[in-house]
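Trainee: Sequence and predicted structure are below.
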Protein chains: 2
Amino acid sequence: MDAEEFRRRGMEMVDYVANYLENIEQRPVYPDVEPGYLRSLIPTEAPLEPDNYDDIIKDVDRVIMPGVTHWHSPYFFAYFPAATSYPALLADMLCGAIGCIGFSWAASPACTELETVMLDWLGKMLNLPEHFIAGTHGHGGGVIQSTASEATLVTLLAARCKAVRRVQASNPEKSEAEILSKLVAYTSEQAHCSVERASLIGGAMIKKVPTDNNYAVGGDMFKKMLEEDKAAGLIPFYFCATLGTTASCAFDRITELGPICNKENIWMHIDAAYAGSAFICPEFRPLLNGIEFADSFNFNPHKWLLINFDCSTMWVKKREDLIGAFKMEPLYLKHENQESGKKRFRSLKMWFVFRMYGIQGLHCRWFKRFDNNPGYCKSKQHELYVFLPSCQGSNRLNELLLKRITKSREIHLVPCQLSGRFVLRFAICARTTDSRHIQQAWRHITQLTFEILQEPNH
Amino acid sequence: MDAEEFRRRGMEMVDYVANYLENIEQRPVYPDVEPGYLRSLIPTEAPLEPDNYDDIIKDVDRVIMPGVTHWHSPYFFAYFPAATSYPALLADMLCGAIGCIGFSWAASPACTELETVMLDWLGKMLNLPEHFIAGTHGHGGGVIQSTASEATLVTLLAARCKAVRRVQASNPEKSEAEILSKLVAYTSEQAHCSVERASLIGGAMIKKVPTDNNYAVGGDMFKKMLEEDKAAGLIPFYFCATLGTTASCAFDRITELGPICNKENIWMHIDAAYAGSAFICPEFRPLLNGIEFADSFNFNPHKWLLINFDCSTMWVKKREDLIGAFKMEPLYLKHENQESGKKRFRSLKMWFVFRMYGIQGLHCRWFKRFDNNPGYCKSKQHELYVFLPSCQGSNRLNELLLKRITKSREIHLVPCQLSGRFVLRFAICARTTDSRHIQQAWRHITQLTFEILQEPNH
């Protein structure tokens, strides 16, 4: 395929994409296929001779689309939002064309520099403390990661490195293995499973702090665990707080936790993967109070902020803590101003989106729709983002209801576990979801519930 | 921006991309900017009101392009190739539109299934042993990772988990921390720095095996280290062999190393990030002999195989070894047929490329250009991929030469270190590089060398 054919096929693809997104509402949100469906639809080996491009596009409709869970359908209420917008798609096309691998400044200066400046822009939108802004002379700053899980892992490892160095500074006789076996990380029992995985990877112990009635961690409970662990000779080194837990969008009380962490030399990382985008709105910014105590902070613009996956933004107070933990310098990478990490030119998406919407356009976009919703049971804390429509029902009813919902394929939901209860979880996801879709989903859920309750064994 | 405007802007962007790639040869391959150049060219904060799209595109030319290292210029000979092709760019547009996050089968069945089948296609092209092919009943199979570094880390962690379980099975009294402190991983002293980083992250010791005159690791030297370490009470658990080292494209002798690893219960991972794409050609496939001993194998189609970043393909003999090491199942992710890992729909790129080129089209594309090149000093092993034009010169000459090359910005190179020598490294990277560009680069290098040698202090 030469440039000329790419021009023609590219224009067709742009049209295909526009049609797909414009008419996505008409597709069943959840596919009607069984595991293994695809293998029988295509050859077992790659073709020897080139195929015809038109056949490939026909196969997109025949093979791919029937097996797609449509995350951008307004009837998708599962997991979490996967952000998208037309400006972000355009920026991604440009990113693909430039196709640089930005692992150092020299490998593509524009890639490294735009990322730093875009993280400053976004940090200022969130009104982050000054020490998180790189500017021209700052010690902190932001960087794009692929996922919040990656940010958790990276910060846990940096904290581990820092803790080992600190202990060895005053106890030079202690081996790294000995110190490692005493390190303990903490997180909420409601935290995402990636925090536990990060500690497993890093070979550090992790303890889960119990939550209150709002599924949030406060200072008292953490302090109690901390004292016990210190008395037992353990070395607390990392706390991952969550703002907006995955299950119920609970907020750990970082204004209580932060001072404890600072006092005890514990790295406080804040994972606001899900809820973080809201903090650009003045009315939600108070939820981020306490950020001034954090060593690192992360959230996912690729969830709510119109920038498609992957774009998980992370800020650290001291860049040197990260670089110190990971830097190795073989000559083939060493070049003036090296940092590290292989990356695509993802900051282009941020630049296009921030400029095409403007801060005010981003502000009003996400939160108006929550007004005037049908009055089902909301998540208690902050009444934001996640609705738990069936939290009054029995586990058996909820499980059956979910099966019916999934089978009907009109809307798509997933469950969560809260205090031993099987709870349906209803998250507003697509950019185009409005009250009409939410009301239709609600009618659908109540009707299916009604049908189940009519059945003899209920 | 609505669908209609996206249609118009998308078509403009397709044209921009085609023009960029068609005329990339006219741009200086390496940018003439100083660190910090970009910050002064754009505002310090995001705009409140939306910007005009035309202004954004003008700024791509004003702000971005002057700071881009053009990886797809035929005069780019630095680092390693970053693959690209028009079919891959088209597939990426579709991937962006679908915008699913494929962390489980249910989250997007087509995404999970196409990936498995594409890895089978590619595995068959490489003539991988049957146990790496998933098929419908296999225990092994392939998965896409972002980078080879990620593949190394994942396999090292899986090996660590397996080793700890094995030791504990026969010594239940031993703690995980105790075992961990005895584990030792191995790799070549010429291996990529990501292997050392993986062991740092995993908290395991790593030892670097010395190489022979061809910068390759053989069985004897490894066996010797192994015996000493076992005698000292250490537990060898992981060997990362390299096929095609970054500095000089050396090949560790896996037919010797494999049987040792198998006998000693050491996980053998093969990192063929750079050279792996060549193995689809029958004439290079013998370089992969010994793969039958490996537990896992990885290479980067995003380097040579026309599929743009990121697409690093990894195969394992036993999928359960990976899943066993990482699986955690919170209810919100648990759904029939879950595996794990957040991912974009990257297999679409493989599908488009394999079909648009056909196996034969991929075969002949990459290797013909190496014929009839000017006769400068080549890397000794296999005379493939990497040329070391100045390996006869003094360190001082080579360092000065590199400075002049970088300053001239006609071609772009990076150095490497081999046996204490500072060596210029010349890799053929862009899809469109042909003999003409290589000859011109060679004339440029010889002329600069000549100029330096004429100078009084030489």
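Mentor: Happy to help now that I have it.
Trainee: Tell me the spacing between the residue nearest to residue A:244 when sequence neighbours are not counted and residue A:53.
Mentor: Distances taken as CB to CB, 6 or more residues apart in numbering or on different chains put residue A:275 closest to residue A:244, at 2.6 Å, once the chain neighbours are dropped. The C-beta positions use only the backbone N, C-alpha and C, and glycine is treated the same way. Noted for residue A:275: a distance of 43 Å to residue A:53, by CB to CB, to the nearest Å.
Trainee: show me the residues around residue A:79 that make contact.
Mentor: With contacts defined as CB atoms under 8 Å, 6 or more residues apart in numbering or on different chains, residue A:79 is in contact with A:414, A:427, A:429, B:101, B:107, B:332.
Trainee: Pretty sure the fifth one sits against residue B:100.
Mentor: Yes. Using CB atoms under 8 Å, residue B:107 makes contact with residue B:100 at a distance of 6.6 Å.
Trainee: helix/strand/coil for residue A:313?
Mentor: strand (DSSP: H, G, I helix; E, B strand; the rest coil).
Trainee: burial count for residue A:103?
Mentor: 19 (other CB atoms under 10 Å in any protein chain shown).
Trainee: again, but for residue A:281
Mentor: 17.
Trainee: excluding its backbone neighbours, what's nearest it?
Mentor: Nearest non-adjacent residue to residue A:281 (CB to CB, 6+ apart): residue A:363, at 5.5 Å.
Trainee: and residue A:300, how many neighbours?
Mentor: For residue A:300, the neighbour count with other CB under 10 Å is 29.
Trainee: if I look at it, how far off is residue B:103?
Mentor: 13 Å.
Trainee: Equivalent analysis for residue A:109, please.
Mentor: Residue A:109 is 34 Å from residue B:103, by CB to CB.
Trainee: Tell me the residues on the stretch 351-458 of chain A that lie near chain B, please.
Mentor: A:351-352, A:354-361, A:414-417, A:422, A:425 (CB under 8 Å from any CB of the partner chain).
Trainee: how about a cut-off of 6 Å?
Mentor: A:354, A:355, A:356, A:357, A:358, A:359, A:360, A:361, A:414, A:415, A:416, A:417 (CB under 6 Å from any CB of the partner chain).
Trainee: What pLDDT is listed against the fifth one?
Mentor: I take that to be residue A:358. pLDDT, residue A:358: 93.
Trainee: quick one: contacts for it?
Mentor: Neighbour list for residue A:358: B:47, B:48, B:49, B:50 [criterion: CB atoms under 6 Å, 6 or more residues apart in numbering or on different chains].
Trainee: So what touches stretch A:253-262?
Mentor: Counting by CB under 6 Å, 6+ apart, residues outside stretch A:253-262 touching it are A:216, A:218, A:219, A:222, A:223, A:239, A:241, A:268, A:289, A:290, A:293.
Trainee: do stretch A:306-325 and chain B meet?
Mentor: Yes. Stretch A:306-325 lies within reach of chain B by CB under 6 Å from any CB, at A:308, A:309.
Trainee: Just give me how far that stretch sits from the chain centre.
Mentor: 13 Å (CA atoms, centre = their mean, to the nearest Å).
Trainee: what do you get for stretch A:279-286?
Mentor: For stretch A:279-286, the distance to the chain centre is 18 Å (CA atoms, centre = their mean).
Trainee: swap in stretch A:165-179?
Mentor: 35 Å.
Trainee: in it, what counts as buried?
Mentor: Counting neighbours by 16 or more other CB atoms under 10 Å in any protein chain shown, one finds that the buried residues in stretch A:165-179 are A:167, A:176, A:177, A:179.
Trainee: Helix, strand, or coil at the third one?
Mentor: Think residue A:177. helix.
Trainee: you'd agree it is up against residue B:181?
Mentor: Yes. If you go by CB atoms under 6 Å, residue A:177 and residue B:181 touch, sitting 3.5 Å apart.
Trainee: Report the secondary structure state of the nearest residue to residue A:305 once chain neighbours are set aside.
Mentor: Distance criterion CB to CB, 6+ apart; nearest residue to residue A:305, sequence neighbours excluded, is residue A:277 at 4.5 Å. Assigned by three-state DSSP, the conformation of residue A:277 is helix.
Trainee: Quick check: the gap between residue A:277 and residue A:303.
Mentor: 6 Å.
Trainee: just residue A:324 next, same as before
Mentor: To residue A:303, residue A:324 is 30 Å away according to CB to CB.
Trainee: Over to residue A:419?
Mentor: For residue A:419, the distance to residue A:303 equals 25 Å [CB to CB].
Trainee: and those two? which has more neighbours close in?
Mentor: The neighbour comparison of residue A:419 against residue A:303 (other CB under 10 Å) goes to residue A:303, with 25 against 8.
Trainee: next one: the helix or strand harbouring the more buried one to chain centre, how far?
Mentor: In the assignment (DSSP states H and E), residue A:303 maps to helix A:301-304. Centroid separation for helix A:301-304 versus its chain: 7 Å, with CA atoms, centre = their mean.
Trainee: Outside of that helix itself, list whatever touches it.
Mentor: Contacts of helix A:301-304 (CB under 6 Å, 6+ apart): A:80, A:81, A:83, A:277, A:307, A:309, A:310, A:311, A:313, A:366.
Trainee: Would you mind giving me the ChimeraX syntax to select the buried ones in those residues?
Mentor: Per 16+ other CB under 10 Å, the buried members of the contacts of helix A:301-304 correspond to this ChimeraX selection:
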select /A:80,81,83,277,307,309,310,311,313,366
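Trainee: Residue A:232: how many residues sit nearby?
Mentor: 9.
Trainee: how near is it to chain B?
Mentor: Separation of residue A:232 from chain B (CB to the nearest CB, to the nearest Å): 15 Å.
Trainee: Test my guess that residue A:140 contacts residue A:320.
Mentor: No. With contact defined as CB under 6 Å, residue A:140 does not count as touching residue A:320 (9.6 Å).
Trainee: Looking at the two, which has the bigger crowd around it?
Mentor: residue A:140 (22 against 12).
Trainee: Report the contact partners of that one.
Mentor: A:131, A:132, A:316, A:317.
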